[in-house]
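K.L.:
I would like to see how this sequence folds:
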Amino acid sequence: MAILIKTSEQIVLMRAANQVVARTHELLEKYIRPGVATQELDRIAEEYIHGQGAIPSFKGYQAGPTPTGFPGSICVSINEEVIHGIPGLKKLREGDIVSIDIGACKDGFHGDAARTHPVGKILPKYQKLIDVTQKCFFEAIEYARSGRHLHEICAMVQTVAESNGFSVVREYVGHGVGQQMHEDPQIPNFKQAGRGPRLSKGMTLAIEPMVNEGTYEINVLSDHWTVVTRDKKYSAHYENSILITDGAPEILSMV
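P.N.:
Numbers count the residues shown, from 1 in each chain. A predicted model of the protein is given here:
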């Protein structure tokens with residue numbers, strides 16, 4: 001495992017890429033309402049990202065078996081869809097929750113962040129799922145400090161989720177981020193053996209709790225991308241790219 005330490009010049013570029021992501025999320029939030037097709041959210045995001053001198057990190061991404069890679073500029077995952085939902089004709093409905101994952105590459109560096117939103121009025125149990133998923137992130141990054149160990153972050157995500165009656169996805173993980181969208185280290189959302197690598201100033205990490213209402217078990221749909229909960233219960237996703245500093249971590253992907 002080779003965890004890359006970013007130079008001060010590279011950190012400036014990381015901030016710029018992640019601010020594109022943060023502002024794209026801010027823009028899309030205005031359009032999340034019943035009746036909006038997921039491909040419309042994708043179109044708005046793609047146009048905005050290009051307008052900022054960046055390119056969508058996800059479009060054409062080759063991590064799956066499909067020959068042309070991921071077909072959307074963003075991932076839009078509704079209700080039981082955990083991650084990697086493909087934008088299309090499907091429309092948001094009152095009571096849905098929708099997870100939006102956005103990546104943007106600007107001047108050779110990637111930003112990456114995800115948010116889960118209510119669509120109109122939702123049931124209190126789904127709002128709790130969204131809120132706890134965010135809490136998993138913010139509680140976990142208390143351990144994202146120079147001299148601490150990576151697996152402390154992993155364990156805290158699981159602790160917060162499970163103490164609130166939810167589960168965390170096992171098969172998909174957070175990751176380092178920089179000149180590659182996915183760099184070392186992998187960052188699971190559950191307790192790992194040992195302490196893991198020691199964190200150092202200049203590391204940039206994408207911490208992304210994926211929290212399920214029911215079982216942590218998942219399936220991948222026939223499109224080879226969309227990940228859904230096996231029991232069809234709802235899932236929420238919250239992610240930010242962060243920088244390890246001399247003190248508290250800097251959240252790069254928030255306005």
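K.L.:
all contacts plus neighbour counts: C-alpha atoms, from now on.
P.N.:
Fine.
K.L.:
shaky segments in the chain?
P.N.:
Residues of the chain that meet the criterion pLDDT under 70 lie in 63-67.
K.L.:
now the helices for it?
P.N.:
Assigned helices in the chain, in chain order: 8-29, 38-51, 124-140, 150-163 (criterion: DSSP state H).
K.L.:
winner for burial among those?
P.N.:
Highest mean neighbour count of the helices of the chain: helix 150-163, a mean of 22 (counted as mean count of other CA atoms under 10 Å).
K.L.:
for stretch 168-187, the distance to its chain's centre please.
P.N.:
Put simply, stretch 168-187 sits 10 Å off its chain's centre (CA atoms, centre = their mean, to the nearest Å).
K.L.:
and it, what's buried?
P.N.:
168-169, 172-179, 181-187 (16 or more other CA atoms under 10 Å).
K.L.:
so which of the residues you listed are in strands?
P.N.:
Members of the buried residues of stretch 168-187 lying in strands (criterion: DSSP state E): 168, 174-176, 183-187.
K.L.:
so can I have a markdown table of the helices of the chain showing distance to residue 202?
P.N.:
Output for those, formatted as a markdown table (distance: least, CA to CA, whole Å):
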| stretch | distance to residue 202 |
| --- | --- |
| helix 8-29 | 8 |
| helix 38-51 | 26 |
| helix 124-140 | 18 |
| helix 150-163 | 14 |
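K.L.:
so which of the ones you listed is nearest residue 80?
P.N.:
Residue 80 sits nearest to helix 124-140 of all those, at 11.3 Å, using CA to CA.
K.L.:
what is the closest one packed up against?
P.N.:
Here helix 124-140 touches strand 109-118, helix 150-163, strand 210-212, strand 235-237, going by 3 or more CA pairs under 8 Å, 6 or more residues apart in numbering; DSSP states H and E.
K.L.:
name the residues that touch the second one?
P.N.:
Residues external to helix 150-163 that are found in contact with it (CA atoms under 8 Å, 6 or more residues apart in numbering): 132-133, 135-137, 139-144, 167-168, 187-192, 194-199, 209, 211.
K.L.:
again, 6 Å this time
P.N.:
With CA atoms under 6 Å, 6 or more residues apart in numbering as the test, helix 150-163 has contacts from 136, 140, 143, 167, 188-192, 195-197.
K.L.:
who wins on neighbours among the residues you listed?
P.N.:
residue 189 (31 neighbours; other CA atoms under 10 Å).
K.L.:
against residue 175, how distant is that residue?
P.N.:
With distances taken as CA to CA, to the nearest Å, residue 189 is found 11 Å from residue 175.
K.L.:
before we move on, what about residue 40?
P.N.:
To residue 175, residue 40 is 28 Å away according to CA to CA.
K.L.:
what do you get for residue 159?
P.N.:
19 Å.
K.L.:
ok, now residue 220?
P.N.:
When distance is defined by CA to CA, residue 220 is 20 Å away from residue 175.
K.L.:
likewise residue 62?
P.N.:
As judged by CA to CA, residue 62 and residue 175 stand 17 Å apart.
K.L.:
ditto for residue 33
P.N.:
Noted for residue 33: a distance of 31 Å to residue 175, by CA to CA.
K.L.:
still on that earlier bit, among the helices of the chain, which comes closest to residue 82?
P.N.:
Residue 82 lies closest, by CA to CA, to one member of the helices of the chain: helix 124-140, at 12.2 Å.
K.L.:
the closest one vs helix 150-163, what angle?
P.N.:
Interaxial angle, helix 124-140 versus helix 150-163 (axes from the mean of the first three to the mean of the last three CA atoms, to 10 degrees): 160 degrees.
K.L.:
returning to that earlier point: same list (the helices and strands packed on helix 124-140) but as TSV, adding distance to residue 255.
P.N.:
Listed next are these as TSV, based on distance: least, CA to CA, whole Å:
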stretch	distance to residue 255
strand 109-118	12
helix 150-163	23
strand 210-212	22
strand 235-237	19
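K.L.:
thanks a lot, see you next time.
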